[in-house]
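1. could you work out the structure for the sequence below:
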Amino acid sequence: ELKESFNYGLFCPPVNGKAGKFLDEERRLGDYPFNGPVGYLE
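-> Below you'll find the predicted structure:
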């Protein structure tokens with residue numbers, strides 16, 4: 001069990017019934033289909 005865990009990966013939220021997922025850091029962002037502009041990074 002982890003006492004503290006942080007995930008600094010980029011997350012693509014669920015869209016059109018498809019599940020959200022963390023993006024693979026080895027792939028280019030252009031490889032992922034984004035529907036509209038990305039609002040913000042948290």
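
2. find the nearest non-adjacent residue to residue 29, please.
-> residue 23 (7.3 Å; Cβ to Cβ, 6 or more residues apart in numbering). For every residue, glycine as well, the C-beta is placed using N, CA and C.

3. and what of residue 9?
-> Closest residue to residue 9 apart from its sequence neighbours, by Cβ to Cβ, 6+ apart: residue 22 at 4.4 Å.

4. residue 30 should be in a helix, yeah?
-> Yes: the secondary structure assignment for residue 30 places it in a helix, going by DSSP: H, G, I helix; E, B strand; the rest coil.

5. ok, it to residue 37 distance?
-> Here residue 30 is placed at a distance of 14 Å from residue 37 (Cβ to Cβ, to the nearest Å).

6. same check, this time on residue 19
-> Computed as Cβ to Cβ, the residue 19 to residue 37 distance reads 21 Å.

7. quick one: contacts for residue 13?
-> residue 20 (Cβ atoms under 8 Å, 6 or more residues apart in numbering).
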